[in-house]
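Novice: next input, structure requested:
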Amino acid sequence: MTVPTGKAKPRSSTRSAARLAAVQALYQMEMTGAGATAALADVRLRDGAVSDDAVAGIAVDEAMLIDLVEGVTQRREEIDLRISGHLVEGWSFERLELVLRAILRAGTYEIVARPDVPLRVAINEWVDLAHAFYSGKEPGFVNGVLDHIGREARPAEAR
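Specialist: I've put the predicted structure just below:
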């Protein structure tokens, strides 16, 4: 997986580092067909920190990382359907670039399954992460899709 090259860097909180590591694991799963356990092992958690140039030495909320990766894995069909429902007509989920897919999957999972994270916080975190990888329209796309999913999944918070 490429190191983020966009104009923004993800925040250096333990949860932000977990989100980045989750994208890395989900990307690896797409590229290699590895399962969640192998992908999580390959993000090389050492003493609670990801050993990757992008987030070297930043502590990771390991429980959140595991929840994101395993949750996306277990609910992948539901998540992909939710995302597909918010793509423009004629655009399939499979056409999305792999890192973008990983960001949208993990962001959708967090919105749907993690009510402990406020909706706006979750969306902002995933948009910030998209900025770390992309300097074009992709962060706005992530914002739009996750905002629509959030309005459906958490209508009381989306007001």
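Novice: distance of V127 from V121?
Specialist: Distance, V127 to V121, by C-beta to C-beta, to the nearest Å: 11 Å. All C-beta spots, glycine's among them, are computed from the backbone N, C-alpha and C.
Novice: which one's more surrounded, those two?
Specialist: Neighbours per residue, other C-beta atoms under 10 Å: of V127 and V121, the larger number sits with V127, 21 against 11.
Novice: tell me the mean pLDDT over the helix or strand where the more buried one lies?
Specialist: Using DSSP states H and E, V127 sits in helix 119-133. The average of the pLDDT scores along helix 119-133 is 97.
Novice: quick one: residues in contact with stretch 113-121.
Specialist: Contact with stretch 113-121 is made by R15, D67, G71, R75, E110, I111, A122, G150, R154, E157, A158, as judged by C-beta atoms under 8 Å, 6 or more residues apart in numbering.
Novice: those: which two are farthest apart?
Specialist: D67 and A158 (22.4 Å; C-beta to C-beta).
Novice: was I right about V99 contacting Q24?
Specialist: No: if you go by C-beta atoms under 8 Å, V99 and Q24 don't touch, sitting 9.2 Å apart.
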